[in-house]
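Chemist: need a structure here:
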Amino acid sequence: MSYIQPYNFRISLIFILALNQNVLANDPYISEIVAANDNSLRDNFDESSDWIEIFNPAEKSLNLEGWGLSDNPDTPLKWIFPHIEIEPKGFLLVHASGNNISEKGKPLHASFRLSRSGEFLGLSNPDGEFIDKFDPNFPSGNEDNAYGVPMMGELEEIIPAHSKFHYITPASTHASLDWENPNYNVPATWIYAQGGFGFVKSGSSFYKDLIKRKIPTSKRCLWIRKNFEINNLDAIKALILRIYYDDGFIASINGVTVASSNAPEKPRYNSYSKGINKLLGYENFDISEHIGLLKAGQNNVLSVKAFNAPNDRNDFFVMPILLCGKSSNIEPKKRTFLSFATPGKANSNAKLPRPSSPT
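Modeler: Sure thing, here's the model as predicted:
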């Protein structure tokens with residue numbers, strides 16, 4: 001099953017200093033939860049346990065030692081944090097797995113799980129006073145539905161679905177090309193066509209109706225690239241790669257890798273993916289940490305190497321979408337379902353991205 005990169009322990013502190021804060025107090029609060037996790041995050045046991053995200057809105061670090069999380073309003077200190085600090089404007093993840101791990105230097109696991117049908121959830125200080133709580137309960141949701149505090153503005157599509165890309169099915173003669181460089185002069189041998197790209201050999205496939213450009217069924221690897229324009233670089237505070245893929249990919253912006261899944265360790269022109277993507281639909285990759293790669297104007301390139309799996313050769317597909325968003329005022333008490341989950345990072349907004357026409 002495909003999923004966002006497995007959780008490699010570290011306190012997941014992603015700073016959002018660029019966000020305009022409208023926080024009423026400096027107390028930490030529960031910023032996001034997923035109570036029916038499937039693909040949004042894997043814990044250190046490679047399990048898809050539910051998760052809780054805590055945000056520190058203060059201008060100084062906060063030590064949560066002695067604080068508690070609970071799914072019972074009568075037992076505020078049901079699970080207690082160890083000695084652990086959240087940096088200013090930082091996030092901390094707790095896996096709601098029931099494994100009850102509260103040790104300094106280890107991934108945190110609450111002693112309880114979350115109910116997908118909704119239940120009480122609270123964060124209390126060491127005195128047992130609830131500082132933040134979902135009371136009487138957070139709402140029920142489907143798989144991977146994130147619920148929490150919106151932190152991004154409305155998302156816009158820089159590269160919409162079914163946009164045109166230059167593409168090539170690479171051969172050994174292409175192995176040394178610097179084709180991901182923004183200054184690469186694309187030759188006429190590359191085909192310019194509307195995405196998505198792929199094939200279905202026989203039977204039904206989720207991707208069948210999404211394919212706009214068929215490629216030969218003998219191919220296992222595809223390279224695509226697209227120039228795109230940034231008009232107001234300073235306003236961009238969030239960058240999201242939304243991609244449909246079967247079965248692996250490596251995505252780059254202006255020649256620098258920004259996201260990957262099931263990618264071979266040493267990709268070549270004829271590489272296979274190292275796994276099968278069983279996720280039907282798109283996957284979101286928060287690549288906001290790479291906003292600095294963008295350039296004002298037209299000289300930007302999104303490039304994707306797509307790989308098929310050796311044991312899943314009936315279909316092959318790739319279609320990337322690039323989204324951006326501005327920062328937004330944060331109102332901790334105005335929780336809602338979010339566009340997509342962002343564990344340990346600034347939360348997405350409460351709306352789907354504004355649709356655009358293919359470019």
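
Chemist: Confirm that G292 sits in a helix.
Modeler: Yes. Under DSSP: H, G, I helix; E, B strand; the rest coil, G292 falls within a helix.

Chemist: That one and R116, how far apart?
Modeler: For G292, the distance to R116 (Cβ to Cβ, to the nearest Å) stands at 38 Å. Where C-beta positions appear, they are placed from N, C-alpha and C, glycine not excepted.

Chemist: the more surrounded of the two?
Modeler: Per other Cβ atoms under 10 Å, whichever of G292 and R116 has more neighbours is R116, with 16 against 10.

Chemist: Would you map the strands across the stretch 101-250 of the chain?
Modeler: In the stretch 101-250 of the chain, the strands defined using DSSP state E, counting those that start in this stretch lie at 121-124, 130-134, 146-148, 152-159, 164-168, 191-194, 197-200, 213-214, 221-230, 238-246, 248-253.

Chemist: So which of these is nearest P343?
Modeler: Of all the strands of the stretch 101-250 of the chain, strand 146-148 sits nearest to P343, with 8.5 Å by Cβ to Cβ.

Chemist: For that closest one, which outside residues touch it?
Modeler: Contact with strand 146-148 is made by 30-35, 40, 53, 138-139, 141, 335-338, 340-342, 347-348, as judged by Cβ atoms under 8 Å, 6 or more residues apart in numbering.

Chemist: can you do 10 Å?
Modeler: 29-35, 37, 40, 51-53, 55, 118, 134, 138-141, 332, 335-343, 347-348, 350 (Cβ atoms under 10 Å, 6 or more residues apart in numbering).

Chemist: Among these, name the buried ones.
Modeler: Neighbour-count burial (16 or more other Cβ atoms under 10 Å) applied to these gives 29-35, 37, 40, 51-53, 55, 118, 134, 138, 141, 332, 335, 338-343, 347-348, 350.

Chemist: Next step: the residues you listed restricted to strands.
Modeler: Judged by DSSP state E, the buried ones among the contacts of strand 146-148 include Y29, I30, S31, E32, I33, V34, W51, I52, E53, F55, F134 as members of strands.

Chemist: who's in contact with the fifth one?
Modeler: With contact set as Cβ under 10 Å, 6+ apart, I33 has these partners: 50-53, 94, 96, 114, 121, 134, 138, 141, 145-148, 335, 341, 343.

Chemist: for the first one, same thing?
Modeler: Neighbour list for Y29: 23, 53-57, 123, 131-133, 148-149, 330, 332-333, 335 [criterion: Cβ under 10 Å, 6+ apart].

Chemist: got the domain boundaries for this protein?
Modeler: 1-151+329-350, 155-326 (automatic domain parsing).
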